[in-house]
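Asker: A structural model of the following input is requested.
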Amino acid sequence: MSERIALANELHRKGYSCSQSVAVACSDLVDVPKEVLFRATEGFGAGMGTMDGVCGALTGGLLIAGLKNSTGNLDNPKSKASTMKLSKAMLTNFRDKCGAIICRELKGVDTGKMLCSCPDCIRHGVEVVEEQLT
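Answerer: Residues are numbered from 1 along each chain as shown. Next comes the predicted model:
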């Protein structure tokens with residue numbers, strides 16, 4: 001288990017959302033304070049607050065990808081295509097590992113069959129970040 005995965009698990013047990021856990025655990029990859037990552041991902045928890053949206057563990061990782069890959073050039077934004085390609089690869093990788101990307105589906109809310117627990121989604125979220133960004 002990587003140090004980032006161990007940290008993400010510890011943060012989740014401490015009360016961080018899945019998104020916060022992944023983003024803060026991967027903060028060493030970007031030049032953004034942990035507190036900012038924590039605050040920026042707060043609304044992404046529980047499938048963006050309702051379990052109907054994309055899993056927080058994935059959105060936390062996608063936030064890190066954008067921060068790492070974007071040129072940040074407001075006048076000449078040329079990194080969007082490469083960041084979207086990276087995001088697509090991360091989404092596909094996460095879906096392959098977890099069986100879905102939507103929180104409600106992952107938790108089996110409608111079917112009664114859980115595909116992936118929050119701790120496992122967090123682990124896979126960090127794995128996807130590490131596989132694509134390191």
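Asker: which helices and strands sit right next to the helix or strand bottoming out on mean pLDDT in the chain?
Answerer: Scoring the helices and strands of the chain by mean pLDDT, DSSP states H and E places helix 45-48 at the bottom, with a mean of 87. When contacts are defined as 3 or more Cβ pairs under 8 Å, 6 or more residues apart in numbering; DSSP states H and E, helix 45-48 sits against helix 18-25, helix 56-69, helix 103-107. The C-beta positions use only the backbone N, C-alpha and C, and glycine is treated the same way.
Asker: Just the pLDDT at the residue lying closest to residue 8 once chain neighbours are set aside, thanks.
Answerer: Leaving aside its sequence neighbours, residue 8 sits nearest to residue 25 (Cβ to Cβ, 6 or more residues apart in numbering; 3.7 Å). Here, the pLDDT recorded for residue 25 equals 98.
Asker: Share the number of residues neighbouring residue 78, please.
Answerer: Residue 78 has 9 neighbouring residues, counting by other Cβ atoms under 10 Å.
Asker: Next up, the contacts around it.
Answerer: Contact analysis of residue 78 by Cβ atoms under 8 Å, 6 or more residues apart in numbering lists residue 71.
Asker: what kind of secondary structure is it in?
Answerer: Following DSSP: H, G, I helix; E, B strand; the rest coil, the label given to residue 78 is coil.
Asker: What number of neighbouring residues does the residue lying closest to residue 55 once chain neighbours are set aside come out with?
Answerer: Spatial nearest neighbour of residue 55, excluding adjacent residues (Cβ to Cβ, 6+ apart): residue 103 at 4.9 Å. Neighbours of residue 103 under the rule other Cβ under 10 Å: 28.
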